[in-house]
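Participant: Based on what follows, work out the 3D shape:
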Amino acid sequence: MIKKKILITGATSGLGKYLAGQARQRHELIILGRNMNKMEEYFPDSARYRADLSSISEVKKAAEQISEENEHLDLLICNAGMLGAESFTKTPEGIEQTLAVNYLSHYILLATLWGKLTPGSSKVIMIGSASAAWYPVNFSDPESEQDYRPLKAYGRSKAMLMMLGKWIYDEWGQAGPIPYIVDPGTFSSGIARSRARWFQFIYGLASWAMSGVENAGSEVINLIEGANYPPGKIIKKGKVKDLVFSREEISNLMHMSRTLTGCDLNRMR
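Facilitator: A predicted model of the protein is given here:
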């Protein structure tokens, strides 16, 4: 078995914690997250970097440090996410919080660490969601400020992450890292902690009927261990489907991403 170097975001709870716990048994793990105490408690033998993923500046600083201290990466798992803030909330840098955490943080990581990912070999795994289809992205209001709803912000941010995976595949092919988009489905996790207490209560009751994190993470574990899924498509419960995003949508996404973060993935070409 070849030992891989894996960077994962959001590894202190839910799916990320499960994936990191499984991966650390066989591979070299790099953890990026906000809570250093939890990272030290759960993954004392792994490399740990702190950043509030809602902060553009903190993510950039951590990504640059990771780049300086690691010659290469075999996998980047874009997992960290929040189920939308209960009300429209901007970060101190002026960006809607859900968008910053779920999408922009991962765009910055990819842009900064691109040179550490081996073309045609290293993998980028995006954790997507079926909710992306419920809320098409409106690039005239990408932060969902008009008629804000938590699930809308969540679904749109996940759609953007999935679009980014398709962009990598369409634009780069074997000349870039291999992108995979996984929809883990609905499962019991702590993702609702950003929501109001009444929602957390209902979510907690509903979680009894949800699948476990082991099932939710099975496709990602398979990819880590070398499963041969088609890249650039969405994988859910072993089934693979095409992603339906237009070139115009993806072009708008790349422009928005560059504008909000100051990072330009197009410069890699």
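Participant: Spell out the secondary structure type for Glu171.
Facilitator: Secondary structure, DSSP: H, G, I helix; E, B strand; the rest coil: Glu171 is helix.
Participant: any idea of the pLDDT on it?
Facilitator: Turning to Glu171, the model gives it a pLDDT of 94.
Participant: ditto for Ile235
Facilitator: 94.
Participant: Contacts for whatever helix or strand it lives in, please.
Facilitator: Using DSSP states H and E, Ile235 maps to strand 234-236. Outside strand 234-236, the residues within contact range by CB atoms under 8 Å, 6 or more residues apart in numbering are 128, 130, 162, 180-185, 219, 229, 240-243. Glycine gets a C-beta too; all of them are placed from N, C-alpha and C.
Participant: which helices and strands sit right next to the helix or strand following that strand?
Facilitator: Later in the chain than strand 234-236, the nearest helix or strand by DSSP H and E is strand 239-241. Where contact means 3 or more CB pairs under 8 Å, 6 or more residues apart in numbering; DSSP states H and E, strand 239-241 is not packed against any helix or strand.
Participant: what mean pLDDT would you report for strand 239-241?
Facilitator: So the average pLDDT for strand 239-241 ends up being 92.
Participant: buried residues in the following helix or strand past that strand?
Facilitator: Using DSSP H and E, the helix or strand that follows strand 239-241 in sequence is helix 247-261. Within helix 247-261, the residues that count as buried by 16 or more other CB atoms under 10 Å are Glu249, Ile250, Asn252, Leu253, Met254, Met256, Ser257, Arg258, Leu260, Thr261.
Participant: and helix 247-261, what's its mean pLDDT?
Facilitator: On average, helix 247-261 scores 96.
Participant: again, but for stretch 89-98
Facilitator: Mean pLDDT, stretch 89-98: 96.
Participant: hang on, the earlier thing: are any of the contacts of strand 234-236 buried, and which?
Facilitator: Buried among the contacts of strand 234-236 (16+ other CB under 10 Å): Gly128, Met162, Tyr180, Ile181, Val182, Asp183, Pro184, Glu219, Leu243.
Participant: how about the fifth one, what does it touch?
Facilitator: This points to Val182. Ile125, Met126, Ile127, Gly128, Glu219, Val220, Leu223, Ile234, Ile235, Lys236.
Participant: now do the first one
Facilitator: Listed by CB under 8 Å, 6+ apart, the contact set of Gly128 reads Lys158, Leu161, Met162, Gly165, Ile181, Val182, Asp183, Ile234.
Participant: same question, the last one
Facilitator: Contact analysis of Leu243 by CB under 8 Å, 6+ apart lists Met162, Met163, Gly165, Lys166, Ile181, Gly232, Lys233, Ile234.
Participant: Take those residues and lay them out in a markdown table including secondary structure and distance to Met39.
Facilitator: Shown next, in a markdown table, are the contacts of Leu243 (DSSP: H, G, I helix; E, B strand; the rest coil; distance: CB to CB, whole Å):
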| residue | secondary structure | distance to Met39 |
| --- | --- | --- |
| Met162 | helix | 27 |
| Met163 | helix | 29 |
| Gly165 | helix | 26 |
| Lys166 | helix | 31 |
| Ile181 | strand | 26 |
| Gly232 | coil | 31 |
| Lys233 | coil | 32 |
| Ile234 | strand | 29 |
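Participant: list the buried ones in stretch 148-164?
Facilitator: Of the residues in stretch 148-164, 148, 150, 152-164 count as buried by neighbour count, 16+ other CB under 10 Å.
Participant: Okay, and which of the residues you listed map to helices?
Facilitator: 150, 152-164 (DSSP state H).
Participant: which two from those end up farthest apart in space?
Facilitator: Pro150 and Leu164 (21.6 Å; CB to CB).
Participant: what about Glu93, neighbour count?
Facilitator: 14 (other CB atoms under 10 Å).
Participant: Use 27 as the first number for this chain going forward.
Facilitator: OK, 27 is where the count begins now, so the last one is Glu119.
Participant: Let me see the contact set for the nearest residue to it once chain neighbours are set aside.
Facilitator: By the measure of CB to CB, 6 or more residues apart in numbering, the closest residue to Glu119 outside its immediate chain neighbours is Ile82, 5.3 Å from it. By CB under 8 Å, 6+ apart, the residues touching Ile82 are Thr117, Glu119, Ile121, Ala126, Leu130, Ile134, Leu286, Thr287, Gly288.
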